[in-house]
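K.L.:
need a 3D model of the following:
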Amino acid sequence: MKEKIRKIFTKIKEFLAKKDIQISLKRYGIDALGAMAQGLFASLLIGTIVNTIGTQFNIEILKTIGSYAQSASGVAMAVAIGYALKCPPLVLFSLATVGGAANTLGGAGGPLAVLVITIISAEIGKLVSKETKVDILVTPLVTILVGTLLSIQIAPVIGRLASSIGGAIMWATELQPFLMGIIVSVIVGIALTLPISSAAICAALSLTGLAGGAALAGCCAHMIGFAIMSFKENKWGGLIAQGIGTSMLQMGNIIKNPKIAIAPILTSAITGPIATCIFKLRMDGPAISSGMGTCGLVGQIGVYTGWTQSITQGIKQAITRMGLDRINFNKFCITFYYLLYIRKNI
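P.N.:
As a prediction, this is how the structure comes out:
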């Protein structure tokens, strides 16, 4: 009996390996999550930026293009996740429908719903792929049916759950801006540098408002921090690559010498509450911007986008140049001088 069970498990393992199905934290928590962030960036985020430019300069064609890009976010996320999971073509293309349904029905928690449902649909689609003579019918049919049925049944639940968690974090940050400013800033800042997606996490939890501002401050501390700390070794190329690219480039060095991560983490613990308590920095733009920091200046554009939306909605009357200068200048200076001090003492 035990021998039969062992043979069954061996066959299952071999079949999963043949289909390239790896049930692991790396595959789902790093590869898929990171790809989802890229899909969001290539749709919702770019669309928001283009739409904002079109709105500010009254260019209708840019507003139209931006709207189209924003509306494709569910599709883009699902296809990106499928690509990371190495799906066969028919499965990959079928995920477009799955992503659109999950994102729409997931509401505020659409990105998280897309992540969960797309992973399940993709893996099931891979199981049936090329197993029949009518693969061109069976594979997309199974993938789409599984994905859309799951979207109808659980996407709203996932959306409400994500929205509740994100809402609780934002509520706690409003209630305790100092303590939560530290916690949110440090956690999201660390996530930005690790090989996981801080942008996807913020998007999945719809992390905006004061909590979004704390997350942005933490990301900026890590990106600017590592860029400045390594300037002597990497010069201007490294400064740009890390300062407006990603601090993830330092992961290899962090593994070799974890002490170099101390300064950015401590700095994010300082810039977080400064952003929430002193400057009242809010990220009212797309939630994904909260986890982008200075990457392509997306975080700063997100703050500006949120302000323009607030003006359109009548919440604010105008954006003052002094407000922009104080936030950006002080965040940079605090990070810069504190890191220089810390580096001398490590």
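
K.L.:
can you check which helix is longest in this structure?
P.N.:
When the chain is parsed with DSSP state H, its longest helix is helix 135-175.

K.L.:
packing partners for the next helix or strand after that one?
P.N.:
Where DSSP states H and E defines the elements, the next helix or strand beyond helix 135-175 is helix 177-193. Judged by 3 or more CB pairs under 8 Å, 6 or more residues apart in numbering; DSSP states H and E, helix 177-193 is in contact with helix 135-175, helix 198-204, helix 209-229, helix 262-273. For glycine as for every other residue, the C-beta is placed from the backbone atoms N, C-alpha and C.

K.L.:
quick one on the thing from earlier: off-centre distance for the longest helix of the chain?
P.N.:
Centre-to-centre, helix 135-175 and its host chain are 16 Å apart (CA atoms, centre = their mean, to the nearest Å).

K.L.:
what's the average pLDDT for it?
P.N.:
The average pLDDT within helix 135-175 is 92.

K.L.:
what angle do helix 262-273 and that helix make with each other?
P.N.:
70 degrees (axes from the mean of the first three to the mean of the last three CA atoms, to 10 degrees).

K.L.:
output the below-cut-off pLDDT ranges for the stretch 1-150 of the chain.
P.N.:
1-2 (pLDDT under 70).

K.L.:
okay if I get the helices and strands packed on helix 177-193 as CSV plus distance to residue 250 and mean neighbour count?
P.N.:
Formatted as CSV, the helices and strands packed on helix 177-193 follow (distance: least, CB to CB, whole Å; neighbours: other CB atoms under 10 Å):
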stretch, distance to residue 250, mean neighbour count
helix 135-175, 27, 18
helix 198-204, 14, 30
helix 209-229, 5, 30
helix 262-273, 9, 23
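
K.L.:
could you save the ones you listed as TSV and add columns showing distance to residue 38?
P.N.:
Below are those laid out as TSV (distance: least, CB to CB, whole Å):
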stretch	distance to residue 38
helix 135-175	20
helix 198-204	9
helix 209-229	16
helix 262-273	23
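
K.L.:
of the ones you listed, which is nearest residue 49?
P.N.:
Residue 49 lies closest, by CB to CB, to one member of those: helix 198-204, at 14.0 Å.

K.L.:
if we can go back for a sec, what is the longest helix of the chain packed up against?
P.N.:
Under the contact criterion of 3+ CB pairs under 8 Å, 6+ apart, helix 135-175 touches helix 89-106, helix 110-128, helix 177-193, helix 209-229.

K.L.:
show me what the second one is packed against.
P.N.:
Counting contacts by 3+ CB pairs under 8 Å, 6+ apart, helix 110-128 is packed against helix 33-40, helix 73-84, helix 89-106, helix 135-175, helix 198-204.

K.L.:
looking at those helices, which is nearest to residue 285?
P.N.:
So among the helices and strands packed on helix 110-128, helix 198-204 is nearest, using CB to CB, at 11.2 Å.

K.L.:
just the C-alpha atoms of that closest one, please, in CSV.
P.N.:
These are the backbone C-alpha positions of helix 198-204, laid out as CSV (Å, rounded to 0.1, in the frame of the first residue of the first chain):
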residue,chain,number,x,y,z
SER,A,198,6.6,47.0,-2.8
ALA,A,199,4.5,48.6,-5.6
ALA,A,200,2.4,45.5,-6.0
ILE,A,201,1.9,45.2,-2.2
CYS,A,202,0.7,48.9,-2.0
ALA,A,203,-1.5,48.4,-5.1
ALA,A,204,-3.0,45.1,-3.7
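
K.L.:
I'd like the numbering to begin with 40 instead of 1 from here.
P.N.:
All right, first residue 40 from here; so that's helix 237-243.

K.L.:
by contact count, what packs against that helix?
P.N.:
Helix 237-243 sits against helix 72-79, helix 149-167, helix 216-232, helix 248-268, with contacts defined as 3+ CB pairs under 8 Å, 6+ apart.

K.L.:
which helices and strands sit right next to the longest one?
P.N.:
Packing contacts for helix 248-268, counted by 3+ CB pairs under 8 Å, 6+ apart, involve helix 174-214, helix 216-232, helix 237-243, helix 270-282, helix 301-312, helix 337-351, helix 360-383.

K.L.:
what's the neighbour count on the closest residue to residue 127 other than its chain neighbours?
P.N.:
Computed as CB to CB, 6 or more residues apart in numbering, the closest residue to residue 127 that is not its neighbour in sequence is residue 168, at 4.6 Å. By other CB atoms under 10 Å, the residues close to residue 168 number 20.
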